[in-house]
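[1] need a structure here:
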Amino acid sequence: MDEANAQTGIPGNSGGFSLRALLTEDWHRKLTCLFAVLLLLQYVSWFAAEENMWWPETVAMVQASLWISFAVDILPRVNIWLRKCIQLWLLIIINGIYSGYEPVLYKLHSMQDFGNWVYDNFWQLNPFVWFSLGAWAIYSAMSWWLKSRWRIGAAVILSVLIFAVRDSFSTLYLWQETALVIFCGLMLLVVSHFAEVKRKNPYGWAYLMEYPATLIATILLLLGITMIPGTVMPTIRPILTDPYTAYMQWKGEEVPAYGKTIAGLASSSSASSVSGYSRDDSSLGGSFSFDYSPVFSVDTTHRAYMRGETRSFYNGNGWEMSDGDKQAANGPVVPGNLLARDQRFNVSKLKTVTVKQIVKRLKEDDTYPVLFGAFGINKVEAINDEASGADRLRWAPRQMELRWSGTRRDSYPETYTIESEMPTFTGDELRSAGALPNPAQFSEYLQLPRDLPQRVRQLAQQITAAGATPYDKAKLLEQYLQSSFPYTNEPQTESAKSADFVDRFLFEIKEGYCDYFSSAMAVMSRTIGIPSRWVKGYTAGQQDIQDPSFGDFPVDATDDPTGMGIYTVRNSDAHSWVELYFPGYGWIPFEATSGFTLPAVAPAAETALPDIATDPLDSSAVDGATATPGEGKGHPYLAAAIIAAAVLAAGAAGWWYRKRLFAWAKKNRLLGVKRSYNPEQRIVSEYARMLKLYRRRGVPIHDYETARETIERLKRKDVWLSKDLDDLLTLFEKAKYSPRRVTPEESGRAIRIVDKLKKAT
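    Got it, this is the predicted structure:
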């Protein structure tokens with residue numbers, strides 16, 4: 001009977017130590033331990049991939065500890081407590097061998113001698129023994145936990161969530177670990193199911209065991225149908241925005257990306273690369289990943305795009321230097337002297353605002369063919385903080401570029417100071433610009449390939465049919481591109497067949513990044529007779545400023561209408577846009593890329609703000625309590641408990657203090673009190689806050705509008721708020737333009753009006 005039981009799998013009393021018994025006896029527990037080890041190894045793989053988290057030796061020791069624990073657990077007919085003792089001793093022995101343990105002998109005359117003996121011997125195993133024991137404890141707990149279906153489901157779901165969150169918010173790729181976790185979960189469910197079948201119907205189980213190959217094939221087939229399609233399906237971007245990103249965007253906050261690309265998304269014609277200032281633009285396209293390393297910092301009086309070079313010749317795949325672009329630049333540049341202008345370009349009607357910038361290079365090994373600055377650069381004041389050293393600098397008036405002719409990497413300026421005249425205009429002014437007096441003079445800016453598809457021209461004419469002036473047509477093109485195509489750094493180009501870069505974007509790919517949008521606007525503008533040139537450089541970068549009413553909490557830089565401050569520009573800020581020519585006004589920049597806004601300033605008479613004296617806040621250093629390790633043999637568990645209690649107490653105190661701080665700040669805000677702002681400055685800030693509220697609602701706020709034009713448009717949208725908007729406009733105009741002083745009561749009224757608008761909107 002015992003022999004029959006052994007063959008059918010029905011429990012019996014016979015046995016003996018054999019390989020068959022090792023493999024089949026208590027099989028469900030052993031398989032559970034196996035998949036528990038595999039699941040935990042995915043966490044080890046994650047920790048090993050983290051930067052500066054675990055040493056390679058730690059990873060190897062933890063992996064060895066898990067496999068040793070599993071090997072002991074599959075020993076047949078060994079009591080559980082005996083298995084635990086064997087596991088513990090084996091782990092200590094392995095750690096001793098790995099750590100180079102040498103025994104320390106004591107004469108044990110007292111308990112203190114015994115304590116010293118234990119400490120001196122056991123301390124040699126530090127620190128790896130703690131990782132081994134921790135892995136052993138977690139393995140034991142996991143093996144015990146994974147005994148029912150709901151526990152298996154809970155462990156797998158929690159693990160998948162942890163891996164998914166870490167993968168989403170880091171540069172790590174954890175999809176393989178996630179897939180293996182799911183595989184382990186499915187196998188654990190299979191093991192749990194068959195263990196229950198054996199327990200409830202041993203004879204049915206015995207029948208299944210007569211056809212093991214069929215059973216195994218069925219399991220593998222089901223797992224293959226479940227897992228394989230998910231692993232071989234092509235990678236595509238999600239159709240819907242994830243809830244976290246949607247929530248942060250709804251709040252008006254920026255969601256950082258982490259610079260990862262997914263294999264298989266790169267264009268076949270252009271390998272995936274990283275973001276940065278390009279040197280060769282003759283063949284655009286493909287995908288890229290974001291590089292967030294800093295390039296330079298800019299101390300500027302106005303927020304502005306950092307313009308680099310222009311390209312005028314479109315070859316059907318990208319942009320190249322035209323014959324005019326290749327002409328030798330003037331030089332050398334004399335610091336402090338005004339730079340020459342190309343007399344072909346009529347700028348007699350153009351108004352400008354002076355922008356001063358100090359640019360400091362942040363990457364020592366980087367060099368560029370140009371110096372970057374706000375458009376258009378008018379003067380170089382200093383190179384490397386000296387009023388000289390510009391002998392390698394050449395000025396190209398046609399392109400308005402400061403070209404650097406140095407050859408050695410260390411020759412590129414560490415810092416330079418420039419002055420620019422930034423164009424400022426209104427829509428009505430540019431609408432008054434007439435037609436080109438001599439189109440042949442601008443032939444290089446109207447050049448198009450002979451084989452440009454006709455549908456590109458037809459689309460441009462269709463979009464701009466309602467435009468009465470070149471400026472209106474340009475704005476229609478800009479708005480069409482911004483609103484019709486989504487931004488992505490990984491455009492799906494596999495199905496594109498057109499040979500023309502712009503045509504592929506407009507009619508086949510229908511998504512892309514700045515190079516796609518800017519090239520499309522430059523080409524379509526030329527098809528309707530507007531001279532254009534393609535520009536590359538950097539966006540304004542990121543600025544962190546402090547609001548004194550809220551301590552050290554960062555405030556959005558857009559609250560300052562000028563954007564004055566220090567910006568950090570990174571490789572991820574590399575960008576391209578387009579400039580169009582209007583007679584009497586010269587070259588005017590346009591931003592066609594979806595999700596981007598070109599910094600613009602109104603005429604000086606309209607936006608000149610009173611000088612704001614921003615005294616730095618006095619910051620008192622908070623002395624943190626530091627724990628000094630005691631001499632001799634301490635009590636690590638007591639110390640850990642004290643540290644944990646201190647952390648909890650500090651967290652509770654911090655939460656209470658933060659709550660009180662915000663309450664105090666809110667109270668002061670309602671009273672109109674702000675230590676660094678006088679009443680005039682407070683009203684200007686509140687007006688900027690009102691614009692930000694409407695922008696978050698999705699209401700467009702145009703930089704080229706005056707305050708009165710903006711308020712009139714908002715009144716037509718929210719008629720019931722007309723009186724409040726008029727009152728705020730009156731206070732704003734008084735604060736900016738009137739010689740009369742603004743009272744604290746009036747600044748407080750402005751705050752209350754904006755708070756009311758916030759609740760109403």
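
[2] return the residues in contact with Pro453.
    Ser498, Asp500, Asp503 (C-beta atoms under 8 Å, 6 or more residues apart in numbering). For glycine as for every other residue, the C-beta is placed from the backbone atoms N, C-alpha and C.

[3] spatially nearest residue to the last one (excluding sequence neighbours)?
    It refers to Asp503. Pro453 (4.5 Å; C-beta to C-beta, 6 or more residues apart in numbering).

[4] ok, the one you found to Arg311 distance?
    Distance from Pro453 to Arg311, counting by C-beta to C-beta, to the nearest Å: 21 Å.

[5] again, but for Tyr687
    39 Å.

[6] now swap in Glu490 and tell me
    24 Å.

[7] again, but for Leu339
    For Leu339, the distance to Arg311 - C-beta to C-beta - is 21 Å.

[8] what's the answer for Gly153, then?
    57 Å.

[9] looking at the two, which is more packed in?
    Arg311 (22 against 13; other C-beta atoms under 10 Å).

[10] give me the pLDDT value at the more buried one.
    At Arg311, the model reports a pLDDT of 91.

[11] now the residue nearest to it when sequence neighbours are not counted, which residues is it bridged with?
    With sequence-adjacent residues excluded and distances taken as C-beta to C-beta, 6+ apart, Arg311 is closest to Trp319, at 3.5 Å. Trp319 has these beta-bridge partners by DSSP bridges: Tyr314.

[12] who's in contact with the closest residue to Ser312 other than its chain neighbours?
    What sits nearest to Ser312 in space, not counting adjacent residues and going by C-beta to C-beta, 6+ apart, is Ser322, at 4.1 Å. Neighbour list for Ser322: Arg311, Ser312, Phe313, Glu444, Gln447 [criterion: C-beta under 8 Å, 6+ apart].

[13] quick one: which of those sit in strands?
    Arg311, Phe313 (DSSP state E).

[14] now, which of the contacts of Ser322 sits nearest Ile683?
    Arg311 (44.4 Å; C-beta to C-beta).

[15] any idea how far stretch 189-203 is from the middle of the chain?
    Between the centre of stretch 189-203 and the centre of its chain there are 49 Å (C-alpha atoms, centre = their mean, to the nearest Å).

[16] got the CA positions of that stretch in PDB?
    Extracted C-alpha coordinates of stretch 189-203, given in PDB (Å, rounded to 0.1, in the frame of the first residue of the first chain):
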ATOM      1  CA  LEU A 189      -1.400  30.800  -7.700                       C
ATOM      2  CA  VAL A 190      -0.900  27.700  -9.800                       C
ATOM      3  CA  VAL A 191       0.900  26.000  -6.900                       C
ATOM      4  CA  SER A 192      -1.700  27.100  -4.400                       C
ATOM      5  CA  HIS A 193      -4.500  25.800  -6.600                       C
ATOM      6  CA  PHE A 194      -2.900  22.300  -7.100                       C
ATOM      7  CA  ALA A 195      -2.100  22.100  -3.400                       C
ATOM      8  CA  GLU A 196      -5.800  22.700  -2.700                       C
ATOM      9  CA  VAL A 197      -6.700  20.100  -5.300                       C
ATOM     10  CA  LYS A 198      -4.400  17.500  -3.700                       C
ATOM     11  CA  ARG A 199      -5.800  18.300  -0.200                       C
ATOM     12  CA  LYS A 200      -9.500  18.100  -1.200                       C
ATOM     13  CA  ASN A 201      -9.300  15.300  -3.800                       C
ATOM     14  CA  PRO A 202      -6.200  13.200  -3.400                       C
ATOM     15  CA  TYR A 203      -7.400  10.500  -5.800                       C
END
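
[17] can you pull out the strands in the stretch 401-550 of the chain?
    Along the stretch 401-550 of the chain, counting by DSSP state E, counting those that start in this stretch, strands occupy 401-404, 415-424, 532-538, 545-546.

[18] show me where the stretch 501-650 of the chain has its helices.
    501-504, 514-527, 604-607, 636-670 (DSSP state H, counting those that start in this stretch).

[19] and the ones you listed, which one is worst for confidence?
    Among the helices of the stretch 501-650 of the chain, helix 604-607 carries the lowest mean pLDDT (a mean of 42).

[20] sorry, back to before: by neighbour count, which of the contacts of Pro453 wins?
    The most crowded member of those, judged by other C-beta under 10 Å, is Asp503 (23 neighbours).

[21] so for the one helix or strand Trp144 maps to, what gets flagged as buried?
    For Trp144, the enclosing helix or strand under DSSP states H and E is helix 128-145. Across helix 128-145, burial judged by 16 or more other C-beta atoms under 10 Å covers Phe128, Val129, Phe131, Ser132, Leu133, Ala135, Trp136, Ile138, Tyr139, Ser140, Met142, Ser143.

[22] do stretch 585-598 as well
    585-594, 596-598.

[23] quick one: the helices in the stretch 101-250 of the chain?
    Counting by DSSP H, counting those that start in this stretch, the stretch 101-250 of the chain has helices at residues 111-122, 128-145, 149-168, 175-200, 202-209, 212-232, 243-250.

[24] low pLDDT regions in the stretch 101-250 of the chain?
    Across the stretch 101-250 of the chain, the ranges flagged by pLDDT under 70 are 101, 104-106, 108, 113, 117-118, 121-122, 171, 205, 230-250.

[25] quick one, domains of the protein?
    22-232, 288-544+560-590, 679-760 (the TED database).

[26] tell me which of these sits most buried.
    Among those, the stretch with the highest mean neighbour count (mean count of other C-beta atoms under 10 Å) is domain 288-544+560-590, at a mean of 19.

[27] re earlier: distance from the chain centre to the helix holding Trp144, please.
    On C-alpha atoms, centre = their mean, the centre of helix 128-145 falls 36 Å from the chain's centre.

[28] ditto for stretch 439-447
    How far stretch 439-447 lies from its chain's middle: 40 Å, per C-alpha atoms, centre = their mean.

[29] how about stretch 190-207?
    The answer for stretch 190-207 is 51 Å, by C-alpha atoms, centre = their mean.
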